[in-house]
Structure formats: C-alpha cells, structure tokens
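Chemist: structure, please.
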Amino acid sequence: MRLFKRETYLRKIRGFYDADDIIKVITGVRRCGKSSLMETIATEIRNNGVSEKNIIYIDLDKRGFKSVKTADALEKIIDERGSAKGLKYLFIDEIQNVDGFEELINGYRTDGDWSIFITGSNSYLLSGELVTKLTGRYLEFEMFPLSFGEYEDMKKFYKKPVDTNPQIELTNYILESGFPRTIFLDNTADKRRYVQGVINEIFEKDIRKRVKIRKKETFEIVRRYIINNFGATTNVKNICETLKNNGYEINRPTISRYIKALVDAKILYECPRFDMKSKRSLSGEKKYYLSDLGFYYAENTDNRVNYGPTLENMLYVYACAHDCSVSVGRIGKLECDFIIRNQEMDYSYVQVAYTIALSEETENREYRPLEMIKDNYPKYVMTTDYLLQKRNGIKHVNIIKFMQEDQGF
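Modeler: So this is what the prediction gives:
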C-alpha cells in the first residue's frame, strides 16, 4: 500500500537523511504514525538511488525480531545485514524492546558511515538513560496524530469520502480522532473502539511498566478527570480537593505522579500560564491539552462538541507540530488564549472561539485581550466564521481554512 506522506514532519527530517553523526529519534504518542513516517523516509532514500543493501530496516515488534531483547542480539542482526560499503541507513522501530540499546546505537554512530533512525515507546525514549548517554548526539522529531488538514488530505489520498461542508467535516474529525488507522474504519463505533484500544495499550506498555500504580482504579479516576477537563486552568491542589470532595482519598504527590505518567506517554501536554505584565510564568496554574481529541470523545457517550476547548486543543497541537512554543497569557484580569513563539523567535497572540458573530459582547470578549497588548507582533482571532471582521489591525482568520492550508505563525 502506498504511504501517505506527512510533509509537516518529512520536511524537518530531510536535511538529516545523510547525517551519520546525529541519531534521528522519532517520538510521539502510540499509533500516531511514527512507523509509517520511518517507512516513508526509507522509501524516499531508495528513490534517491540508494541500494537496498545499504538500507537496514528492523521492526522489533514484528515476527522474527520479537526474540531480540539484548544489545548483543541486535548487534548480530545489524552486522549480518549491514556489510555493504559506503553510507548505510539503519532504521530500528520499537527500540525500547532491547536492553542497553543506547551504547550500542551510539557505537554505530561513532563508527561513521551509519545514518541512524529510531522510534520507540515515549516514556522510555524520553527517560534519563537516553538523555544521559546520547546527549548532543541525537535530534528528537516529535510527531502528533493527524491535524485537520492532514485528516482531509489522507482521506482524499486513499479515496475515502470527504464531506463538502467543511464544518461537518471538522465535526467528523473531532469525533473520529486523528489516529491514521481510523481513516480505514467505516463507522464511528469502530473508530472509537480503536481509540479505546490505544488507551489500553498505552497504559499496559508505557505506563504500568514504568510507574508504580498500586490502585489502577484511582489512576483511572485521575486520568478521566484530567482528560475530561482538558483546556481548563487547573492545578494539583484543586484536583486533590475535588476528588476528596467526591469521596476519593488521594494525595497531591500521587496525583502529580499520575499526571507526569500521562505527559510522558504523550497523552497529555502541559501548557504553562504566563503573566505578560510581570513577564513571569505563573507557578501552579496550568492547562492540559490532549495529543488527540479521541482520548476524550472515545470515552464520552455525549456527542455534543464543546467547541471552545476543542478548537483550542486543535490549535495547540497544530502549533506544537509546527515547532512552536506555546503558553497561555494573562493580561491583568484578562486572558489571551495563546502566546505562540516560532523557530525564528517571533511571537503571535491568538484568541480562539467557535464564532464571534452572535453578539457585540462576544466579539468584544475575544478582541479586548489582544487590544491590550501593545507590541507589534501579529494578533489573531481564530473562529469558524466565514464572514471575517476587521478591527484595530487584528487578523480575523477562519481556523478551518488556516489548518487546511497548513499556514504557519
């Protein structure tokens, strides 16, 4: 089957295809498409004229490789397949299955003539072992599930039906999730069942093995609480008090540990809050966004979409996928949904809402925080409206079109 090209990520990595001094580490929540991205890279390298003998591809989750658990066993397989002369391209999928892989992989990097690409379980790849042993010798390329634009493009690529009404298609995307495999499932129930399976897989393979969870029921309560309140300002103290008021005995350190486990597994992303007057981060006050909205909608029977936090979540992930740093801005008593800094260190200020067409009060609520910001960086109000407003140099942008066209900040 032809693979859909995830250009958002491929264009970041292409400049390093031939780099034998840097290990390319592809991370992201399980089932977001890391393996397919690596296969796409291998295909592009073949199409550039590289001999098949110089491409070594090892998927440690596949039959024939599942017994490979030690660095010595992996080294034997690599050496058997990597005898060609010249630059060799080594791809290893699910490398966390091998104990002590870091020193082995770094050894091949030191030898030269090896361009190395690896993927694996996030909670392991982001742990201290990788950082300590490979510091300065690897680059992390973080992937996310499909953005809305990618979701539409992938459906067209595989000749799946796409609704001609962008707002209906947006709702389909929100309810079905951005996990690529769901594109090939024909009904919403199957798509939700698949996402629930992903949740269970992450718990069993990424969380339970690395975090001591004495009471799975308590962990599930914390997980559901934080996921059900995505996009809301929260802190550990408030979560602890809310759960205790509902009859659950749990302390703050345990809640913090469980949240960290969800962040390490890349189910959650932590968005800090920033006071624009004092120019300081606000400790304790954070928002949490989901790597994929399916983590919420797959486990909630209510199909009504709360577009406020949902659109915020979509834009947050979109900005992160484009290598931007994101925080929530506070301006006195008002709040700016996002302060976004791109790779060129330029800023954008963004307010997100479903519509501002309902009333003048709604319009004022979205524009007022941006009007209080006195610098000259771009300011956006992003909505699903197609009739766009002009006000004080602030850009009113249709968020659906913005994502469809893969626009940057």
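
Chemist: I'd like the distance between residue 294 and residue 17.
Modeler: The spacing between residue 294 and residue 17, counted by Cβ to Cβ, to the nearest Å, is 32 Å. Where you see a C-beta, it was placed from the backbone N, CA and C, and this is true even at glycine.

Chemist: what about residue 70, how many neighbours?
Modeler: Neighbour count for residue 70, taken as other Cβ atoms under 10 Å: 14.

Chemist: got it, and residue 150?
Modeler: Neighbours of residue 150 using other Cβ under 10 Å come to 26.

Chemist: what do you get for residue 90?
Modeler: Residue 90 has 22 nearby residues by other Cβ under 10 Å.

Chemist: is it in a bridge, and if so with what?
Modeler: residue 56, residue 116 (DSSP bridges).

Chemist: residue contacts, it?
Modeler: Shown in contact with residue 90 (Cβ atoms under 8 Å, 6 or more residues apart in numbering): 56, 58, 78, 82, 108, 114, 115, 116, 117.

Chemist: please redo it, this time with the cut-off set to 7 Å
Modeler: Contacts for residue 90 (Cβ atoms under 7 Å, 6 or more residues apart in numbering) come out as 56, 78, 82, 108, 114, 116.

Chemist: lowest-confidence one in those?
Modeler: Among the contacts of residue 90, residue 82 has the lowest pLDDT, at 91.

Chemist: list the contacts of it.
Modeler: 56, 88, 90.

Chemist: can you tell me which of those residues lies nearest to residue 348?
Modeler: residue 90 (38.7 Å; Cβ to Cβ).

Chemist: domains in the protein, by residue range?
Modeler: Domain segmentation of the chain under automatic domain parsing yields 7-142, 148-305, 325-404.

Chemist: quick check: end-to-end length of the longest one?
Modeler: The first and last residues of domain 148-305 sit 16 Å apart, counting by Cα to Cα, to the nearest Å.

Chemist: begin at 50 from here
Modeler: That works, and once the first residue is 50, the last one we named lands at domain 197-354.

Chemist: chain center to that domain: distance?
Modeler: 11 Å (Cα atoms, centre = their mean, to the nearest Å).

Chemist: can you tell me the closest non-neighbouring residue to residue 300?
Modeler: residue 289 (6.9 Å; Cβ to Cβ, 6 or more residues apart in numbering).

Chemist: the one you found and residue 304 touch, don't they?
Modeler: Yes - here residue 289 reaches residue 304: they are 5.7 Å apart, a contact under Cβ atoms under 7 Å.

Chemist: quick one: which of these two has more around it?
Modeler: Comparing residue 289 with residue 304 by other Cβ under 10 Å, the one with more neighbours is residue 304, at 22 against 19.

Chemist: residue 159: what secondary structure?
Modeler: Secondary structure, DSSP: H, G, I helix; E, B strand; the rest coil: residue 159 is helix.

Chemist: thinking again about what came up before, residue 50 is nearest to which of the domains of the chain?
Modeler: Short answer: domain 197-354, nearest of these by Cβ to Cβ, at 8.6 Å.

Chemist: so where do the helices sit in the stretch 150-299 of the chain?
Modeler: Ranges of helices within the stretch 150-299 of the chain are 150-160, 171-174, 177-183, 197-206, 215-225, 237-251, 265-277, 285-294, based on DSSP state H, counting those that start in this stretch.

Chemist: returning to what we had before: could the domains of the chain be laid out in TSV, adding distance to residue 360?
Modeler: Putting those into TSV (distance: least, Cβ to Cβ, whole Å) gives the following:
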stretch	distance to residue 360
domain 56-191	19
domain 197-354	9
domain 374-453	5
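
Chemist: local confidence estimate at the residue nearest to residue 268 when sequence neighbours are not counted?
Modeler: Among residues not flanking residue 268 along the chain, residue 262 sits closest, at 4.9 Å (Cβ to Cβ, 6+ apart). For residue 262, the pLDDT comes out at 86.

Chemist: ditto for residue 353
Modeler: pLDDT, residue 353: 84.

Chemist: tally up the residues packed near the nearest residue to residue 169 once chain neighbours are set aside, please.
Modeler: Residue nearest to residue 169 in three dimensions, not counting chain neighbours: residue 145, with 4.0 Å by Cβ to Cβ, 6+ apart. As a burial measure, residue 145 scores 21 neighbours (other Cβ under 10 Å).

Chemist: sorry, back to before: adding distance to residue 337, write the contacts of residue 139 out as JSON lines.
Modeler: As requested, the contacts of residue 139 are exported to JSON lines (distance: Cβ to Cβ, whole Å):
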{"residue": "105", "distance to residue 337": "39"}
{"residue": "127", "distance to residue 337": "40"}
{"residue": "131", "distance to residue 337": "43"}
{"residue": "157", "distance to residue 337": "38"}
{"residue": "163", "distance to residue 337": "39"}
{"residue": "165", "distance to residue 337": "33"}
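
Chemist: now for those residues: which two are most distant?
Modeler: Of all the pairs that the contacts of residue 139 form, the one spanning the most space (Cβ to Cβ) is 131 and 165, at 11.0 Å.

Chemist: tell me which element the closest residue to residue 85 other than its chain neighbours is part of?
Modeler: Counting by Cβ to Cβ, 6+ apart, residue 52 is the residue found nearest to residue 85 once chain neighbours are left out, at 5.5 Å. Here residue 52 sits in a region with no helix or strand, counting by DSSP states H and E.
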